Each structure stands twice: as structure tokens, then as C-alpha cells.
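Engineer: Just a sequence and a predicted model for now, questions to come.
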Amino acid sequence: MLVWPDGSGVGVWVMRGDSSPEQMATVADQLQDAEVEALAAASRSAVWPECPLHPNSHPLCAVVRDGAAVWTCKVTGEVIALIGALGH
Ligand SMILES: [Zn+2]
């Protein structure tokens, strides 16, 4: 469960039968949705996490690639980083 300072919240779920990378990508996708909504509500840029290849354009996509949960550019499909490793 994600809970914001104003007391609102949203549930986060995974499918028990999914692999760990699939579960990680599912959680990252839900966190992204919640963060984008929160940023928009705060009148801030709702592009999160921002694609480093296309600044001010689009957010990254959480997917499973070659057995790992990764952030990818949705334009080129390029893997940007393992989920949890952005900025490292
Ligand atoms: Zn991109």
C-alpha cells in the first residue's frame, strides 16, 4: 500500500505465480503510475522516470528483458538500467 502525506493511498499488488523479475517490473509500473499522478497533482513534470535519451519527452517503461526487470526507452526499446539502479 502506498500512502501519501494527505492520507490518500493506493494498493500495490503482484501475481504470486509470476517470476521475481516480473513481480519487480509490475511493482515498478504501479509505483510509476502513482508517482506520475502525485507529480501531476503537485503541478510538476509528470515524466518519471525520465528517459535520459529523450529528455522532457517520455517516461521509461518497466519491463522484463532477458530475465531481468529493467527500465527501457519506449521509443528505441533500449535498456536504460536495471530497476532499482537508475542514477547509479
Ligand atoms: Zn526514450
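Structural biologist: Thanks, I have it.
Engineer: Now the element after the helix or strand bottoming out on mean pLDDT in the chain, going C-ward?
Structural biologist: The weakest-scoring helix or strand in the chain, judged by mean pLDDT, DSSP states H and E, is strand 9-10 (a mean of 88). Counting by DSSP states H and E, the next helix or strand C-terminal to strand 9-10 is helix 20-41.
Engineer: Provide the contact partners of that next one at residue level.
Structural biologist: Contacts to helix 20-41, defined as C-beta atoms under 8 Å, 6 or more residues apart in numbering, come from residues 2, 4, 10, 12-15, 18, 45-49, 59, 62-64, 67-71, 83-84. Yep, even glycine has a C-beta here, placed from its N, CA and C like the rest.
Engineer: Need the mean per-residue confidence for that helix.
Structural biologist: In this model, helix 20-41 carries a mean pLDDT of 94.
Engineer: And the helix or strand that that helix is followed by, what's buried?
Structural biologist: Downstream of helix 20-41, the first helix or strand assigned by DSSP H and E is strand 61-65. Buried residues in strand 61-65, counted by 16 or more other C-beta atoms under 10 Å: 61-64.
Engineer: Stretch 49-57 too?
Structural biologist: By 16+ other C-beta under 10 Å, the buried positions in stretch 49-57 come out as 49-51.
Engineer: ok, those residues vs the ion, which is closest?
Structural biologist: Nearest to the ion, judged by C-beta to the ion, of these is Cys51 at 3.2 Å.
Engineer: How about the contacts made by that closest one?
Structural biologist: Applying C-beta under 8 Å, 6+ apart, one finds that Cys51 lies in contact with 57-60, 73-75, 80.
Engineer: Redo the residues you listed as JSON lines? Include pLDDT.
Structural biologist: Output for these, formatted as JSON lines (pLDDT from 0 to 100):
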{"residue": "Ser57", "pLDDT": "93"}
{"residue": "His58", "pLDDT": "94"}
{"residue": "Pro59", "pLDDT": "94"}
{"residue": "Leu60", "pLDDT": "97"}
{"residue": "Cys73", "pLDDT": "98"}
{"residue": "Lys74", "pLDDT": "95"}
{"residue": "Val75", "pLDDT": "97"}
{"residue": "Ile80", "pLDDT": "97"}
